[in-house]
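Asks: Just to be clear, the model below is a prediction. Sequence and coordinates:
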Amino acid sequence: MTTFTFNEEQREAIGGILDERMQIPISIEVWARKDGALVRTDRPACVHCEDQLRLARMLASLHPGLSVTHYDMDKFERRAEEYGIERPPFTILRGRNGREVRILGFWTGTLFPAVVDVITYLSQEESPYSEASKEALAKVDRDIDLQVYGALYDGYSAQMLRMTGALAAESRHFKVQFNEVMEFPDIAARQEIETVPMMLLGGRRFIGVWDEESLVQQIGHIAAGRDDVVTLAQTGTAPYFTEADIERMQAAQAEQAAPAEPRRTESGLYLPG
């Protein structure tokens, strides 16, 4: 388990954001599983379940409007199936009136500030979108599924989490789920992900980060039943890496940064230079 905590400066900064922006309570539901000492071959281990639960509780301790509910996947297996939760760690940021954002994976790294922002959007039941975008989104009168696949090391992924989380704050019709795939290479392989972020919107696949105007326009096409696809002037992506890839790169960097061992004679004496 990763050991981490907020220092006093971080606590004050995060708490200040929550104090300023929170309006109605938000529930943070964390679905996790405690793996035993016995390795099971019928399911993958949940490497970051305890990390995720700890991080959620640390965040909730900074504001009275936040609460954490822990669901053990083994004890609440039937309920997890009803909610469409297949594996942990899984988080539901639940507001009211059907507004919620779902997150598969450990939302640390660049994703953590984005999660804090999404919580405040849900708490206000309002996005930071322009008035023109809000008027367009208010016309959506049917449910739209939106899945984003990203990575915790990628700023573009964090930006897409904010943008799509804002949609869920605007309307219960947006069913938003963010999937952190660095932790789940099997999901990345199944979705043929080579770069992040990737978005599935209305059954269509889109690569890269979107701006507000283009995203709202594409949603308008889908809501109206049109097949039009918005072409982005430019988009940002990052290469997809697994946790194992990151560990190998960090090990290689550490090896390169390590000072070279001085030359020695056959007898073991170090030679200068």
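Replies: Thanks, I have it. These numbers were taken from a predicted model, which means no experiment stands behind them.
Asks: which stretches of the stretch 1-150 of the chain have low pLDDT?
Replies: For the stretch 1-150 of the chain, the stretches with pLDDT under 70 are 1-4, 36-42.
Asks: quick one, strands of it?
Replies: Counting by DSSP state E, counting those that start in this stretch, one finds strands in the stretch 1-150 of the chain at the ranges 26-32, 66-72, 90-94, 100-104, 144-150.
Asks: Identify the residue spatially nearest to residue 80, adjacent ones excluded.
Replies: Nearest in space to residue 80, with sequence neighbours left out and distances taken as C-beta to C-beta, 6 or more residues apart in numbering, is residue 73 at 5.7 Å. To be clear about C-beta, it is placed using only N, CA and C from the backbone, and glycine gets the same treatment.
Asks: Hmm, residue 81 and the one you found touching each other?
Replies: No: with contact defined as C-beta atoms under 8 Å, residue 73 and residue 81 do not form a contacting pair (10.2 Å).
Asks: quick one: which of these two has more around it?
Replies: The neighbour comparison of residue 73 against residue 81 (other C-beta atoms under 10 Å) goes to residue 73, with 21 against 10.
Asks: wait, what's in contact with the more buried one?
Replies: If a contact means C-beta atoms under 8 Å, 6 or more residues apart in numbering, then residue 73 has 31-33, 80, 85, 87-88 as its contacts.
Asks: One more: residue 161?
Replies: For residue 161, the contacting residues are 103, 111, 114-115, 118, 148, 150, 178, taking C-beta under 8 Å, 6+ apart as the criterion.
Asks: Quick one: the residues you listed as CSV, columns for neighbour count and distance to residue 49 too.
Replies: CSV is the format used below for those (neighbours: other C-beta atoms under 10 Å; distance: C-beta to C-beta, whole Å):
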residue, neighbour count, distance to residue 49
103, 26, 13
111, 25, 16
114, 24, 21
115, 24, 17
118, 27, 21
148, 26, 22
150, 30, 20
178, 30, 17
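Asks: Pick out whichever of those residues sits closest to residue 138.
Replies: When the contacts of residue 161 are compared for distance to residue 138 (C-beta to C-beta), residue 118 wins out at 19.7 Å.
Asks: In space, what's closest to residue 91 - neighbours in sequence excluded?
Replies: In space, not counting the residues next to it along the chain, residue 91 is nearest to residue 103; the distance is 4.4 Å by C-beta to C-beta, 6+ apart.
Asks: Please report the number of neighbouring residues for the residue lying closest to residue 62 once chain neighbours are set aside.
Replies: Sequence neighbours aside, residue 15 is the residue nearest to residue 62 in space, at 4.3 Å (criterion: C-beta to C-beta, 6+ apart). Close neighbours of residue 15, defined as other C-beta under 10 Å, add up to 15.
Asks: what do you get for residue 126?
Replies: Residue 126 is surrounded by 14 other residues when neighbours are defined as other C-beta under 10 Å.
Asks: Pretty sure it sits against residue 169.
Replies: Yes: assessed by C-beta under 8 Å, residue 126 is found in contact with residue 169 at 6.1 Å.
Asks: hmm, back to that, and the contacts of residue 161 as JSON lines, adding distance to residue 184?
Replies: Output for the contacts of residue 161, formatted as JSON lines (distance: C-beta to C-beta, whole Å):
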{"residue": "103", "distance to residue 184": "12"}
{"residue": "111", "distance to residue 184": "14"}
{"residue": "114", "distance to residue 184": "19"}
{"residue": "115", "distance to residue 184": "18"}
{"residue": "118", "distance to residue 184": "20"}
{"residue": "148", "distance to residue 184": "14"}
{"residue": "150", "distance to residue 184": "12"}
{"residue": "178", "distance to residue 184": "12"}
